[in-house]
Each structure stands twice: as C-alpha cells, then as structure tokens.
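Q: sequence? don't have it. structure:
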Ligand SMILES: O=C(O)c1ccccc1NCC(=O)[C@H](O)[C@H](O)COP(=O)(O)O
C-alpha cells in the first residue's frame, strides 16, 4: 500500500464519521456560504510572483516541519509578504491540520485561500465553502474520471475554483478538464516522495492554454521559479521552504524580494 492508499482509506472513515456527527448543520449555519469567492486564477495571472504559500505543520515525507508556528501569525505574515494566495492543509492525521485552520485563516487574511485536502467526497466541498475556501484541490492520482467530473461540477456549483493536480502524462490525458480552472503539476511523486521539477517542464506544453499552470512542491530557489515561468507557469506552491523557518512570513518576504531583484 502506498501513502496515498493509506490516506484515502483513512479519509473515507473520517468523512463517514463527520457526516454522522454534523449532518448538514454546519453548512446551513455558515455565513461564509454567502461570501463572494476571490479568484485564485485571477490572483495568479495578475501577480508578478505567483507564490501560493502553504501552511503545513508536518507531512508523510518530512515528518514534523513546524508544529510551533501560530497559524494567524503565519498567514498574516504571508499576506504581508505579498504572496498571491495561501494554501491551508486541512488533513489532521497525516499533516496535522484541520478545517478549523481554514476558518481561522479566513478570519485573518483577505487573499485567496486554497483548501489543500484529499478530496474524495462532495461533503468536503461543502465543508470547504462553509469554512471560507476560494479554491479546492482535486488529485488525479486518487480519483477516477467519473469522480473527477462529479467533484469538479459540484465545486463549480458552489463557486469554488478547481485546481486539478497531476504528476504524469497519463493522469493529465485521462482527466476530464471541464470545470477545471487551474492545472497543477506536482513535482513530488506521491508514491515514492522523489522530487524533480523536470516533470513540470515536461508537461508544460501538454497543458491546455486556457488553464492557469501551477508548479507544486520542492520549490526553494528564486531561479527555479524564474525558469518555470519561461515554461508558462503562473503559480508556484511552496510549503516546506517557508514553514521550516521560525518566521515563515519573513522567509516568504525575503524569497519574494530575491525573486524581484
Ligand atoms: O508533502 C508530502 O509529504 C505529501 C505526501 C503525500 C501526499 C501529499 C504530500 N504533500 C502535499 C503537497 O502537495 C505539498 O504540501 C505542497 O505541494 C507543498 O510542497 P513543499 O513545498 O515541498 O512543502
């Protein structure tokens, strides 16, 4: 079994338990349902950096990254650093996050928020909208074509933007692209944890031009961002590089200064 198999098996049980506990009450009572969504795609297209900075406490590949940082400090630091958007990992068991993290991030910043989660059920999309997300992630490696289509359709009906993540050509070619706004190429192979930006470069020309291209994971040098821009990428998802530091916002600010100079 790969880590993705473990995550998905656990996620199914977690969602079943949540549905039983909360039913639809959380969604019905959430004021955030009426909040206008802020476009992640537009923020990336209009930005001169395109950095999506992630709040990430730990991960299966790196174990503990930063369990001490205070979420409001991290996300307000990111916003002050003028990142284009923030990704909030909401998985608890494997990443130490929660849906409450997303709610707290929403009450702290005004820039677009991506719910970073292993989404396999429409329930998680309602939850994302109710907690203030602007965009959600769909991971091709854990979804069938039919699931991708259904989840993207439901996400759009909730006005959420959809970032579809692939890691190879096969995933890109088999994925239905209706209702997809952004196409993310994960430089990390989620089965082996190997990281290489070569995959972002290889897939760039295969991604339809109407989709905003995002390169994800293993990014830590301004030169890599500049190089990936030449391949048409507008978005760059970065977690560990910032979160390893005691002050992730300051780390993002220095990175952005170097990127501009
Ligand atoms: O990061 C992991 O170890 C991981 C393992 C299994 C599934 C997903 C995983 N990460 C999610 C991500 O895609 C990253 O958090 C994100 O792209 C940022 O990556 P990085 O800048 O390398 O922290």
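A: On my side now, so go ahead. It should be emphasised that the depicted structure is a prediction, and the values quoted were computed from it without experimental measurement.
Q: So which residues on the chain come close to the ligand?
A: Neighbours of the ligand within the chain, by C-beta under 6 Å from any ligand atom: 3, 54, 56, 59-62, 186, 190, 216-219, 237-241. From N, CA and C alone the C-beta is placed, and that goes for glycine too.
Q: Among those, name the buried ones.
A: With burial judged by 16 or more other C-beta atoms under 10 Å, the buried subset of the residues of the chain next to the ligand is 54, 56, 59-61, 186, 190, 216-219, 237-241.
Q: Flag the least confident of those.
A: When these are compared by pLDDT, residue 190 scores lowest at 86.
Q: check contacts around residue 112.
A: Applying C-beta atoms under 8 Å, 6 or more residues apart in numbering to residue 112 gives the contacts 38, 39, 40, 43, 84, 85, 86, 134, 135.
Q: ok, so what distance separates the second one from the ligand?
A: Which is residue 39. Here residue 39 is placed at a distance of 20 Å from the ligand (C-beta to the nearest ligand atom, to the nearest Å).
Q: Which of the buried ones among the residues of the chain next to the ligand fall in strands?
A: Residues of those located in strands (DSSP state E): 54, 59, 186, 216, 237, 238.
Q: Quick check: beta-bridge partners of the second one?
A: Which is residue 59. Beta-bridge partners for residue 59, by DSSP bridges, are residue 63.
Q: Same check on the last one?
A: Each beta-bridge partner of residue 238 is listed here: residue 53, as defined by DSSP bridges.
Q: cool, and the fourth one?
A: Taking DSSP bridges, one finds residue 186, residue 237 as the beta-bridge partners of residue 216.
Q: Enumerate every residue touching it.
A: Residue 216 is in contact with 165, 184, 185, 186, 187, 188, 236, 237, counting by C-beta under 8 Å, 6+ apart.
Q: Now do the contacts for the fifth one.
A: Same thing as residue 187. Residue 187 makes contact with 195, 196, 197, 199, 200, 215, 216, 217, 218, 219 under the criterion C-beta under 8 Å, 6+ apart.
Q: shouldn't the third one be in contact with residue 221?
A: No - with contacts defined as C-beta atoms under 8 Å, residue 197 does not count as touching residue 221, sitting 9.7 Å away.
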